[in-house]
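K.L.:
fold the following for me, if possible:
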Amino acid sequence: MQKPSPILHLQRRDPSRNMARFYCLSLESSLFGDAVLVREWGRIGTLGRRRLDLYATAAQAQDALRRLAASKVRRGYSSVG
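P.N.:
Coordinates of the predicted model:
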């Protein structure tokens, strides 16, 4: 079994708009060998929401992770730690 990739933590804070959000992305493998992109998001301090996107190959999942991360950075999120 392939070990999971490191998790990418992003945050967006804007006190003037009372905004404190997080977005986490990670790559894992399913029980059936598919590549899974795990997306978690919500307000900082809450459990938030979770979505699993299945891909046929790890390369496709990695590409989707890069596109999502770039999109979030364009929207004002920044990397944490």
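
K.L.:
and the residue nearest the centre of the protein?
P.N.:
For the chain, L25 is the residue whose C-alpha lies nearest the centre (C-alpha atoms, centre = their mean; 1.9 Å).

K.L.:
quickly list what that one is bridged to.
P.N.:
L8, R39 (DSSP bridges).

K.L.:
which sections of this structure are below the confidence cut-off?
P.N.:
Scanning the chain for pLDDT under 70 picks out 1-6.

K.L.:
against R39, how distant is P15?
P.N.:
25 Å (C-beta to C-beta, to the nearest Å). (Glycine included, C-beta is placed from N, CA and C.)

K.L.:
hang on, the earlier thing: and the gap between the residue nearest to the centre of the chain and N18?
P.N.:
L25 is 25 Å from N18, by C-beta to C-beta.

K.L.:
wait, what's in contact with F32?
P.N.:
Taking C-beta atoms under 8 Å, 6 or more residues apart in numbering as the definition of contact, F32 has no neighbours.

K.L.:
farthest from the middle of this protein: give me that residue.
P.N.:
Farthest-from-centroid check, the chain (C-alpha atoms, centre = their mean): S16, 25.2 Å.

K.L.:
please state the offset of stretch 65-78 from the chain centre?
P.N.:
Taking C-alpha atoms, centre = their mean, to the nearest Å, the mean C-alpha location of stretch 65-78 is offset from the chain mean by 9 Å.
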